Structure formats: C-alpha cells, structure tokens
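S.K.: okay, structure incoming, though there's no sequence with it:
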C-alpha cells in the first residue's frame with residue numbers, strides 16, 4: 001500500500017486549505033484512513049479518520065467543527081479540509097491507512113507541511 005499526500009503550504013491565520021491523500025496498491029476492505037499531524041517538539045497525534053465500512057468520520061476533539069474529512073472511492077482518495085486555521089495547526093500532516101484485517105497494519109504517507117503564519 002502506498003499513500004501520496006499533498007495540499008500543504010503556507011496559509012495565513014483564518015485561512016483554509018484542503019489536503020489530499022491518494023491510496024494505491026493492495027488494499028483490503030477493512031480499514032480506516034485518515035490524518036495524523038506532528039508539530040515540532042510534540043508527539044504525532046491523530047486528528048481525523050473515516051471508516052471504509054460505513055464512511056463514518058471521526059475527529060479529535062480539538063479539531064471538531066474546523067476539520068472535515070471526506071473521500072472519493074472512485075479515485076481512492078481521502079481529503080481533509082481545514083478551516084479557520086490557527087498557528088496551532090502548523091505541523092507536518094501524515095496520511096495514515098489503518099488496515100484492520102488482515103492485520104492490524106499501519107501504512108503512512110510521506111507527510112505534507114502546513115504552516116500557518118501571517
């Protein structure tokens with residue numbers, strides 16, 4: 001399984017952007033796909049994921065209301081829109097596929113940098 005993330009960049013506070021992650025390879029039907037982020041000096045944290053079984057989204061409490069995860073099954077792509085960006089959102093964002101069966105296994109994309117600054 002390969003994950004290709006994109007969409008990061010330099011954004012002003014209050015702005016928005018959309019991250020994309022394209023999955024390819026041999027992917028089972030039992031997985032969650034989503035995003036983690038890692039800020040300098042902090043541990044990597046999960047922010048959002050979506051279930052392949054029922055498309056149900058999950059959000060970490062601190063991002064609820066500002067982050068929206070979605071997917072395009074035909075393109076094997078998952079998106080995350082981030083609104084009302086703050087400097088606290090600055091981090092490297094990693095796409096993650098958590099294969100539940102056979103597994104569990106975690107697959108990671110290469111990360112995309114989001115910098116929020118005026």
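M.R.: Structure's in. What do you need? Treat the numbers as computed from the prediction; the structure is a model and nothing was measured.

S.K.: alpha carbons only for contacts and neighbour counts from here, please
M.R.: Fine.

S.K.: pick out the residue closest to the middle of this protein.
M.R.: Central residue of the chain (Cα atoms, centre = their mean): residue 35, 2.4 Å from the mean position.

S.K.: for the closest residue to it other than its chain neighbours, give me its contacts.
M.R.: Nearest non-adjacent residue to residue 35, counting by Cα to Cα, 6 or more residues apart in numbering: residue 95, 4.6 Å away. Residues in contact with residue 95 (Cα atoms under 8 Å, 6 or more residues apart in numbering) are 3, 4, 5, 21, 33, 34, 35, 36, 108, 109, 110, 111.

S.K.: on that earlier part again, now the residue nearest to the centre of the chain: which helix or strand?
M.R.: For residue 35, the host element (DSSP states H and E) is strand 30-38.

S.K.: partners of that strand in the sheet?
M.R.: strand 45-51 (antiparallel), strand 91-101 (antiparallel) (DSSP bridges).

S.K.: now the terminal residues of stretch 61-75, how far apart.
M.R.: Start-to-end span of stretch 61-75 (Cα to Cα, to the nearest Å) is 28 Å.

S.K.: what residue ranges in this structure score low on pLDDT?
M.R.: For the chain, no stretch has pLDDT under 70.

S.K.: just give me the neighbour total for residue 14.
M.R.: Using other Cα atoms under 10 Å, residue 14 has 14 neighbouring residues.

S.K.: shouldn't it be in contact with residue 82?
M.R.: No: with contact defined as Cα atoms under 8 Å, residue 14 does not reach residue 82; the gap is 9.9 Å.

S.K.: quick one, strands of the protein?
M.R.: Per DSSP state E, the chain carries strands over the ranges 2-6, 9-11, 17-24, 30-38, 45-51, 57-59, 67-72, 77-82, 91-101, 105-108, 112-116.

S.K.: most neighbours per residue, which of the strands paired with strand 30-38?
M.R.: Ranked by mean neighbour count, these are led by strand 91-101 with a mean of 22 (mean count of other Cα atoms under 10 Å).
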